[in-house]
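J.: give me a model of this one.
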Amino acid sequence: MNLVNPVQKQAITTADKVFESLQHDIVEGRIEPGSKISEPELSKQYQVSRSTLREALNRLEKCHLIERKANVGSRVVECSVTGLLEIYQVREALEGMACRLAAQNMTDEEIEDLKRVLAVHADTKELQDGVAYYQEEGDLDFHYRVILGSHNAQLITILCSELYHLVRMYRCQFGMNSPRATRAFDEHRHILTAIAERDGELAEILMRRHIAASRKNIEKKLEKEY
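T.: Numbering: from 1, shown residues only. The predicted structure follows:
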């Protein structure tokens, strides 16, 4: 079953390219959270028509990266501690479900590919030093590959299109380096083992525990900082 890769789908139209550029700048913080969207300025900056820009902005709104308010206009969403923790609660439920389905639906080839992804992660210096886990997007993201492996188009749309870059935006703003890096990698290995053994119930439990542990770690980290 071939499903579209929402994160790494090739940009074709001008609106696609503007959308990707704006998305990247928002996620990385080059366009600051809470900042007002000026269509004239952005049209000039990206050298595109207002209609093309609006098409890109509509897609950014669907990704929850910008919000529109009556009599106010469009703004980049503001990251909040409450918003971050709510996202992790949603991820715990939906990614747990995706993991159960991945154990049922992933092909043997997809499982071998996922093993290679973890091998790449294991070779990174930051993980070996125990200070950070691999944070690249798309095909080298363990969670992303598991979600695609669910072969459930609705889950893929929600988690990989609508929420994926919002999660990355929060990671960039709050910083997710932590001493949990090595443990998180070990949890990924156990999840992969459950998937490979086609044990959907265990895979779901392990994924839910993994995301819940990450959420609790973030809560502790933020309690010290705020």
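J.: where does the prediction get shaky in this structure?
T.: Per-residue confidence for the chain (pLDDT under 70) gives these ranges: 1-11, 126-139, 174-179, 225-226.
J.: tell me the secondary structure for the closest residue to residue 77 other than its chain neighbours?
T.: Taking C-beta to C-beta, 6 or more residues apart in numbering, and ignoring the residues beside it in sequence, residue 77 has residue 67 as its nearest neighbour in space, at 5.5 Å. The way it works is simple: take the backbone N, C-alpha and C, and place the C-beta from them, glycine included. With DSSP: H, G, I helix; E, B strand; the rest coil as the basis, residue 67 sits in strand.
J.: ok, the residue positioned nearest the centre of the chain to residue 63 distance?
T.: Using C-alpha atoms, centre = their mean, the residue of the chain that lies closest to the mean C-alpha position is residue 164, 3.0 Å off. According to C-beta to C-beta, to the nearest Å, residue 164 and residue 63 sit 8 Å apart.
J.: list the helices and strands whatever helix or strand residue 212 lives in packs on?
T.: Here residue 212 is covered by helix 200-225, with elements defined by DSSP states H and E. Taking 3 or more C-beta pairs under 8 Å, 6 or more residues apart in numbering; DSSP states H and E as the contact definition, the neighbouring helices and strands of helix 200-225 are helix 81-105, helix 181-196.
J.: could I get those helices in JSON lines, plus columns for mean neighbour count and distance to residue 169?
T.: JSON lines is the format used below for the helices and strands packed on helix 200-225 (neighbours: other C-beta atoms under 10 Å; distance: least, C-beta to C-beta, whole Å):
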{"stretch": "helix 81-105", "mean neighbour count": "19", "distance to residue 169": "10"}
{"stretch": "helix 181-196", "mean neighbour count": "18", "distance to residue 169": "20"}
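J.: now the ones you listed as JSON lines including distance to residue 205?
T.: Supplementary listing: the helices and strands packed on helix 200-225 in JSON lines, determined by distance: least, C-beta to C-beta, whole Å:
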{"stretch": "helix 81-105", "distance to residue 205": "8"}
{"stretch": "helix 181-196", "distance to residue 205": "8"}
